[in-house]
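J.: this is a predicted model, with the sequence first.
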Amino acid sequence: MKLTIEQLLQKKESLMKKLLKLDNCLPGNLNAAYLVCNRGKCKCTRGEPHGPSWRITWKEQQKSKILYIRNNEVEKVKSGINEYKKAKKILKEISFINLEILKLKRK
């Protein structure tokens with residue numbers, strides 16, 4: 001069933017409201033790193049690496065960037081990355097609604 005322009009505009013407005021609520025968006029991926037220091041009798045030389053050391057990685061102007069994350073920031077960063085993914089999905093939906101409206105206006 002094809003939607004009317006009015007219905008598409010209502011759907012677009014609803015998506016825009018959802019998009020505005022996503023105000024903690026963060027691009028990239030969160031990774032846990034486990035490090036080995038190789039100091040003599042350290043536990044890491046016996047197979048128990050240090051960590052996790054958290055970091056977020058993303059691309060900026062075709063260069064990989066890294067930001068180390070404190071342990072108390074991990075949940076907020078995870079939430080921000082999920083919001084970013086939701087925002088991209090919503091923006092894609094809005095874009096396709098705009099295409100459909102453009103097609104309907106031509107008829």
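T.: Yep, it's here.
J.: find the nearest non-adjacent residue to Lys11, please.
T.: Ile97 (6.1 Å; C-beta to C-beta, 6 or more residues apart in numbering). Using the backbone N, CA and C atoms, a C-beta is placed for each residue, glycine as well.
J.: list the contacts for that neighbour?
T.: 8, 11-12, 15 (C-beta atoms under 8 Å, 6 or more residues apart in numbering).
J.: could you do Ile101 as well?
T.: With C-beta under 8 Å, 6+ apart, Ile101 has these contacts: 5, 8-9, 12.
J.: tell me which strands the strand ranked longest in the chain pairs with, and in which orientation.
T.: Longest strand in the chain by number of residues (criterion: DSSP state E): strand 50-60. Next to strand 50-60 in the sheet, as set by DSSP bridges, lie strand 29-35 (antiparallel), strand 63-69 (antiparallel).
J.: can you point out the buried residues in the first one?
T.: By that I understand strand 29-35. Of all the residues in strand 29-35, those buried under the rule 16 or more other C-beta atoms under 10 Å are Leu30.
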